[in-house]
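>>> based on what follows, work out the 3D shape:
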Amino acid sequence: MSSNNSDQQGHRNLQKTGARALQSPTQITEAQSMPSQTKNDASVASTLAADTDECGDEDIPSRVRNSRQMASEQEHTRYSTNEASMFSLRGIQDYFSRAKSNPPSAALERHAKRPHKSSYKEQSLEQFHAKGGTDKQTSKAETVQLGELLEEFNQVMKEKEAEWQAKELELKDQLGSMQSQNQRLENEFQQFQRELEHRTRILKAKVQEARSEKEEVEAEYNLFIRQKQEEKFKEMGSWPSVEGSKVMGDLDRLKRDMRSFGKAMSINDWSIFQRLEEASYVALMNDLAEVCVLTTDGLPEGLTSLKSPGILLNALLAHHVYTTLFENPFFFLDNGLGDVLPKSGLGSLLNEVYSRTQQANQEEAHIWRSQILRLLLPPLRNNTSSQEEDVHLWTSELISKVANLQAACFLEGPARHLICDEAKANCGNKLQSIYHTAANISYMMWTRRTTMRCHTLKHLSRLAFNPESKDLIPHSSVKFDQFEDQLKGSPISLIVHPLLRLYGTNDAKDYDRESVWAPAEVWLDSRKPTR
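Residues are numbered from 1 along each chain as shown. A predicted model of the protein is given here:
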C-alpha cells in the first residue's frame, strides 16, 4: 500500500514539472527498490497496529501505543526522502545532457541493444541489497524496540487469552448447570404429569363406582317402596274394585240424569237463537260446534223442532261433564290442594307427567297413577286409621269442590241461554248432583289399573252411522225403526253423549285390548233419509 502511494505521488510531481525532468531507468529502479524496503518495515508496523486494533485502548500498554505513532512518523520521513532523491535536480540534468549528446538514431540503437527488463530487475535487487544494508544499520535499534513491543504485546494477548479461556470455561459451566436444571425441571414436570394422569384415572374409577353404587341404592330404594306399597295394599285387603257391570250401570244412570235435566230445564222456544245478542249467539254457536256439525245456515236441518233445545242442552252438558271430569285422572287437583297448596294447574301438571311416563313404560305409568289415587282415597273400614280417614276426607272434599266449580262454570256458560228462566233458580242443586256423581264415578274408574279414553265429535266426525256398531246408538228422537236401512251409512250430525272406552286389565296387562263402557249416543236427520 505504501509503495503504491509513493508511485502515485511521484507521477503527480512529474506531471507538474512537465517535460523538464525525466528519470533514467537506473534512478527509477532505485526509486522502486526503496519503497519495497519501506513496505517491509511498514508491514511490521501495520501488522502490529492491526493486532493492537483488535484490543481496546485500555488493554494495550502505553509503549505499544507510542510505538504505533513512532512507526507512522518514521515511515512518512522515509517516503519523503525517497521522493526527494528520486526527483533530484542532478538526475534531471544528467538525463537531459545525455539526451543532447546522443541523437535519436543512436538512441534507437541503444534501445535495440538495451538489456531485457529482467536485467533491470537484477540490477535493482543488487542496489536494494546494497541500500538495505545501510537501512538495517540505521533501523536496528527500531527493530529491537519493535521486537520488545511485539513480545510485550504477545504477553498481553496470552494473558487476555487466558482470561477469555477462563471466562469461556465459566460460561460453559453455567450453561451445563442450566441444562442440568432444565432437565431436572422437565423430569419433575413429567413425573407430575404422570401422577396427575394416575390420579385422574383413580378419580374416574371412583366416580364410576359411585354411580354404580347410586344406581344400586336407587334400585334397592325403588324395590323397597314397591314392597311397602304392596304390603300396604295387602293390609288393606283387596281393593274394593267395583265390578264392570256396576260401573256401566252407574254410567247409564248418569246418562239418564243428564237427559232428564235437558228435557226438564230447556226452553221450548226455538226463536231464542234469533233473539240472542250477537256476542251471546257467537259464544253459544262456538260451544255447539263441539258437539254438532254446523252448516252455513247454522244448525243442521232437522234440529228446529221444539224438542231440539233439550237435545242440544243434553249434548252440551254431557260434553262438559266428560271432558272436564273423565279425561284427566287428576281433575280434582286442578284447583290446587286447598289450603295446603292453593296452586291451580296441579292436576294438569300431574296428568302431563302421567302422559310422558306412559311413553317410557306404559304398564308402570298406569300402576303409578292407580296407586296414587288409591292412597289419596283409602277405603273406610273398621281397621282404618285416623290418618287414613283424614286423607279420605281431604280427597273427598277436593272432589266435591271441583264438582261444584264445574257445575257453576257450566251454568254460567253459553248453555244458560238454553235453560228456561223458571228452572234457573232450582237447577243448581240438580246440576251439582250430576257433577258429583260423575266425579266420583270417574275417580273410582281411574283407581283401576285400566285406562280410559273419551271420544267426542272431533274424534267421531268422520264416523258414519252403523246400527250394528257397538260404539254408538241412535238418539230416541231418531226414527231408526222406520228407516233402518236408509239411515245406515248416513253422516252423524250431533253427538248427544260421548263414547267412553276402556283399555287393559286390572293386572296392568293387555293395553291393546279395548272395551266400550259407554257407547256414543248420536243424532242424525231421519225425516228424509237418503237412499
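
>>> and the contacts of whichever helix or strand Tyr435 is part of?
Secondary structure assignment for Tyr435, by DSSP states H and E: helix 427-446. Helix 427-446 is contacted from outside by 242, 247, 250-251, 253-254, 257-258, 261, 265, 317, 321-322, 325-326, 329, 331-332, 369-370, 373, 377, 399-400, 402-404, 406-408, 410-411, 419, 452, 502, using Cβ atoms under 8 Å, 6 or more residues apart in numbering. Bear in mind the C-beta positions are built from the backbone N, C-alpha and C, glycine included.

>>> repeat that for stretch 257-264.
310-315, 317-318, 321, 423, 427, 430-431, 433-434, 437, 497.

>>> sorry, back to before: quick one: buried ones out of the contacts of helix 427-446?
242, 247, 250-251, 254, 257-258, 261, 265, 317, 321-322, 325-326, 329, 331-332, 369-370, 373, 377, 399-400, 402-404, 406-407, 410, 419, 452, 502 (16 or more other Cβ atoms under 10 Å).

>>> now the strands for this protein?
Using DSSP state E, the strands of the chain run over residues 451-455, 472-474, 494-497, 499-503, 514-518, 520-523.

>>> what's the PyMOL line that selects buried ones from the contacts of stretch 257-264?
Applied in PyMOL, the following selects the buried portion of the contacts of stretch 257-264 according to 16+ other Cβ under 10 Å:
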select buried, resi 310+311+312+313+314+315+317+318+321+427+431+434+437+497
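
>>> got any ranges where the protein has weak pLDDT?
By pLDDT under 70, the low-scoring segments of the chain are 1-138, 231-242, 335-345, 480-486, 527-531.

>>> what residue spans form the domains of it?
2-138, 238-523 (automatic domain parsing).

>>> re the thing from before, list the buried residues of the helix holding Tyr435.
Buried, per 16+ other Cβ under 10 Å, within helix 427-446: 427, 431-432, 434-446.

>>> what angle do it and strand 514-518 make?
160 degrees (axes from the mean of the first three to the mean of the last three Cα atoms, to 10 degrees).

>>> what's the angle between helix 427-446 and strand 499-503?
20 degrees.

>>> pick the most buried one from the strands of the chain.
Per residue and on average, the most neighbours among the strands of the chain fall to strand 494-497, with a mean of 27 (mean count of other Cβ atoms under 10 Å).

>>> who does that strand touch, helix- and strand-wise?
Using 3 or more Cβ pairs under 8 Å, 6 or more residues apart in numbering; DSSP states H and E, the elements in contact with strand 494-497 are helix 308-325, strand 520-523.

>>> hey, C-alpha coordinates of the first one in CSV?
Think helix 308-325. C-alpha atoms of helix 308-325 as CSV (Å, rounded to 0.1, in the frame of the first residue of the first chain):
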residue,chain,number,x,y,z
SER,A,308,-134.3,-29.6,19.8
PRO,A,309,-133.2,-27.1,22.6
GLY,A,310,-133.5,-30.0,25.1
ILE,A,311,-131.4,-32.3,22.9
LEU,A,312,-128.8,-29.6,22.4
LEU,A,313,-128.7,-28.8,26.2
ASN,A,314,-128.2,-32.5,26.9
ALA,A,315,-125.4,-32.7,24.4
LEU,A,316,-123.6,-29.6,25.9
LEU,A,317,-124.0,-31.0,29.4
ALA,A,318,-122.6,-34.4,28.6
HIS,A,319,-119.7,-33.0,26.6
HIS,A,320,-118.7,-30.7,29.5
VAL,A,321,-119.0,-33.4,32.2
TYR,A,322,-116.9,-35.9,30.3
THR,A,323,-114.2,-33.5,29.1
THR,A,324,-113.7,-32.0,32.5
LEU,A,325,-114.1,-35.0,34.8
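
>>> other SSEs contacting that helix?
Counting contacts by 3+ Cβ pairs under 8 Å, 6+ apart, helix 308-325 packs against helix 244-265, helix 278-288, helix 386-412, helix 427-446, strand 494-497.

>>> run the last query once more with 10 Å
For helix 308-325, the packing partners by 3 or more Cβ pairs under 10 Å, 6 or more residues apart in numbering; DSSP states H and E come out as helix 244-265, helix 272-275, helix 278-288, helix 386-412, helix 427-446, strand 451-455, strand 494-497, strand 520-523.

>>> redo these as a markdown table? Include distance to Asp173.
Output for the helices and strands packed on helix 308-325, formatted as a markdown table (distance: least, Cβ to Cβ, whole Å):
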| stretch | distance to Asp173 |
| --- | --- |
| helix 244-265 | 102 |
| helix 272-275 | 113 |
| helix 278-288 | 100 |
| helix 386-412 | 89 |
| helix 427-446 | 92 |
| strand 451-455 | 90 |
| strand 494-497 | 104 |
| strand 520-523 | 104 |
